[in-house]
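*Asks:* Quick one: sequence and predicted model below, then my questions.
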Amino acid sequence: MKQRIAVVVALCSIVAPAWAQSSDTVLLNGKILTVDDQFATREALAIHEGKIAALGSTAEIKKLARPGSRVIDLKGRTVIPGLIDSHMHAIRAALSFATEVNWIGAPSLAEAVGRIHEASRTMRPGAWLIVAGGWNVQQFKEKRRPSQAELLAAAPNNPVYVQLGYGWVMMTPAALKALNIASDADLPMGGKLDRDANGNLTGGITGGNNAIVALFDKLPKPNFEEQVEGTRKFFRELNRLGLTGVVDPGGNNLEPQDYQALFHVWRQGQMTLRVAYSLCGQTPGAEFAELKGLTQLLPMGFGDDMLRFNGLGERITAAMNNNNKPSDADKEKYYEIARWAAGRGMSLTMHWTNDESVDQLLTIFERVNKETPITGLRWSIAHLNNASAVSLRRMKALGVGWTVQDALYFAGEQVQSTPAVRRQPPVETAKEIGVPVGAGTDAHRVASYNPFTALQWFLDGKTVSGVALRGPEETPGRADALRFYTIGSAWFSHDEDKRGSLTVGKLADLAVLSKDYMSVPVEEVGGIESLLTMVGGKVVYAAGPYAVLEERRQAESR
Ligand SMILES: [Zn+2]
């Protein structure tokens, strides 16, 4: 009899999950927004071996701590699931983060130019100082672009290059000389040197998307060590803002060999951000052969929880990229690739900006779906700010999701508040129709990567200079906006069962916030930061009251 009891006890201890008895980390006395189906709030949370072991009251969770457990007192602070940007060019941004100057969030041109001056003192002498985008004139109290004289004064001994979106660049004389640019003929096709009223060159360059992309390509690239350092630094910068994951859609100026720095950081076990990445077609006309080659040994979903292959996009063929009037041949070529991707169970995300022409794309998706169902493959459309209910219903029928970015936060300055703009982007309609919505920024060339800037914009629809464009009919509540940025985005990398909310069994990806997202005045949402960010229960960023955890983190990674 005694023996039998012993056997039963032994069985119990095997069957009962370890988390029921103990946990290596507990977070107590907080306001934990679980973002579960009920949007429930809990006081405390226990983590064991990287996953959420239990949620409950402080008294309940305290009992799960054992000697040696890490006990974190939240002191009433708000905790959210780690934020996930469903459309950020993070791999590209990371490559140059250690060698670029960042104007994101600078409130004045004076401060922005000051950052150039600061960089001229900290970077190696003669280094290029490059601002690659992510800023807008309206964020500056001066409401204007920098002049060449200002940049020259800030960094007289460095070549300086400042890019605004994909339409304008300012370079100092040393930068122009280094790239041998003296006349329009020296610029990529479509580029033009700006002249002042007297016909003198200003150092400014205007051009279309392609001209500016080609110009940027002429800049010296960071070397491999700088790319690796940039990747680590950029991911940590995102951790500082509560991000624990991104879905990366490739992009311009990003070639297959440019992924090596990311792969290096992953091999070293130094990823602090979960990355799901897709591949773009590269060479116009040769995309199908390229994508077949690149994915021959790369099945959909290949990777691990830190780095995973997530299919194709956001550019499939150059011919269908930003083309509202593709030819029949362009569409046929696209269809062949899409059909092939569906047959291999791949996800596909597609950049499309105009609802007026999105029928071209949806018709192809529908054609593919008739032969190979795509409804379970999580295809998606990015941008499409003026999506109509008709298009959204077609997307819903195909199981196609929608990634929404805060493009109008910057770009909205150029548009008037019209009835059409009042409903852009129509996230409430999408929710009603049942289209999966993920939030994000499209950083870092055309937008800031700060998720709280984007969350504030979701909530108030105001541009960077405070112009209210969106109406209440398409404005989500705080809970829904947070859903878009967490569980909503997780859908796009097939991860909503693993992360995106704080429920038992999920990965312990979370952020302790500097302010309460739910109750702070809406204009303060954009200023929220993380004080403590965890990925899989591991501290990846800690500051302020949790600075001691940051010291421990650094000691451990040494
Ligand atoms: Zn795009």
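*Replies:* Thanks, I have it. Residues are numbered from 1 along each chain as shown.
*Asks:* hey, let's count contacts and neighbours off CA atoms from now on
*Replies:* Will do.
*Asks:* Have a look at this structure and report its longest strand.
*Replies:* Longest strand of the chain, by residue count under DSSP state E: strand 65-73.
*Asks:* which ones are touching the closest residue to E550 other than its chain neighbours?
*Replies:* Leaving aside its chain neighbours, E550 sits nearest to A542 (4.9 Å; criterion: C-alpha to C-alpha, 6 or more residues apart in numbering). Residues near A542 by C-alpha atoms under 8 Å, 6 or more residues apart in numbering: 240, 530-533, 548-550.
*Asks:* Whichever helix or strand W340 is part of packs against which elements?
*Replies:* Of the helices and strands defined by DSSP states H and E, W340 is found in helix 328-343. For helix 328-343, the elements it packs on are helix 359-371, judged by 3 or more C-alpha pairs under 8 Å, 6 or more residues apart in numbering; DSSP states H and E.
*Asks:* before we move on, back to that, which one of the contacts of A542 is nearest G230?
*Replies:* When those are compared for distance to G230 (C-alpha to C-alpha), R240 wins out at 15.0 Å.
*Asks:* Check the separation of the first and last residues in stretch 214-226.
*Replies:* One end of stretch 214-226 sits 22 Å from the other (C-alpha to C-alpha, to the nearest Å).
*Asks:* what sits up against it?
*Replies:* Contacts for stretch 214-226 (C-alpha under 8 Å, 6+ apart): 95-96, 98-99, 128, 179, 187-188, 253, 261.
*Asks:* What's the ChimeraX syntax to select whichever of the residues you listed are buried?
*Replies:* Selecting only the buried entries of those in ChimeraX, with 16 or more other C-alpha atoms under 10 Å as the criterion:
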select :95,96,98,99,128,187,188,261
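*Asks:* Name the helix or strand for A454, please.
*Replies:* Using DSSP H and E, A454 falls in helix 451-460.
*Asks:* Looks like A93 contacts A447 (just checking).
*Replies:* No. Look at A93 against A447 with C-alpha atoms under 8 Å: they stay out of range, at 11.3 Å.
*Asks:* Find the residues that touch each one of those two.
*Replies:* In contact with both A93 and A447: no residue, using C-alpha under 8 Å, 6+ apart.
*Asks:* what are the ranges of the helices in the stretch 1-150 of the chain?
*Replies:* Assigned by DSSP state H, counting those that start in this stretch, the stretch 1-150 of the chain shows helices spanning 2-15, 58-62, 90-95, 109-122, 148-154.
*Asks:* What residues of the fourth one count as buried?
*Replies:* Going back to what we said before, that points to helix 109-122. 109, 112-117, 119-120.
*Asks:* would you list those residues in TSV and tack on distance to L307 and pLDDT?
*Replies:* Putting these into TSV (distance: C-alpha to C-alpha, whole Å; pLDDT from 0 to 100) gives the following:
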residue	distance to L307	pLDDT
L109	37	97
A112	34	97
V113	36	97
G114	36	97
R115	32	96
I116	33	96
H117	36	96
A119	32	92
S120	34	92
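*Asks:* And these, which is closest to M88?
*Replies:* Out of the buried residues of helix 109-122, the member with the shortest distance to M88 (by C-alpha to C-alpha) is A112, at 22.9 Å.
*Asks:* Look at N252 and report its pLDDT.
*Replies:* Looking at N252, its pLDDT is 81.
*Asks:* Now it: closest residue in space, sequence neighbours ignored.
*Replies:* V213 (7.1 Å).
*Asks:* Secondary structure element for the one you found, which one?
*Replies:* Going by DSSP H and E, V213 is in helix 209-217.
*Asks:* burial count for V548?
*Replies:* 11 (other C-alpha atoms under 10 Å).
*Asks:* related to what we said a few turns ago, just checking: what are the partner strands of the longest strand of the chain?
*Replies:* Strand 65-73 pairs in its sheet with strand 23-28 (parallel), by DSSP bridges.
*Asks:* Just the CA coordinates for the partner strand, please, in PDB.
*Replies:* Coordinates of the C-alpha atoms in strand 23-28 are reproduced here as PDB (Å, rounded to 0.1, in the frame of the first residue of the first chain):
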ATOM      1  CA  SER A  23       8.000  30.100 -10.800                       C
ATOM      2  CA  ASP A  24      11.300  31.800 -11.400                       C
ATOM      3  CA  THR A  25       9.800  35.300 -11.700                       C
ATOM      4  CA  VAL A  26       6.800  37.000 -10.100                       C
ATOM      5  CA  LEU A  27       5.500  40.400 -10.900                       C
ATOM      6  CA  LEU A  28       3.300  41.700  -8.000                       C
END
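*Asks:* A276 reaches L312, doesn't it?
*Replies:* No. Judged on C-alpha under 8 Å, A276 makes no contact with L312 at a distance of 11.2 Å.
*Asks:* circling back to that earlier point, and of the contacts of A542, the nearest to G285?
*Replies:* R240 (40.9 Å).
*Asks:* For D196, see how far away the nearest residue to that closest one once chain neighbours are set aside is.
*Replies:* Nearest non-adjacent residue to R240, counting by C-alpha to C-alpha, 6+ apart: S530, 5.5 Å away. As defined by C-alpha to C-alpha, S530 lies at a distance of 45 Å from D196.
*Asks:* Those two: which has the busier surroundings?
*Replies:* For S530 versus D196, the count of surrounding residues by other C-alpha under 10 Å is larger for S530: 25 against 10.
*Asks:* burial of the closest residue to T418 other than its chain neighbours, as a residue count?
*Replies:* Nearest residue to T418 in three dimensions, chain neighbours excluded: L469, at 7.9 Å (C-alpha to C-alpha, 6+ apart). For L469, the count of nearby residues is 23 (other C-alpha under 10 Å).
*Asks:* That's all I had, so thanks and see you.
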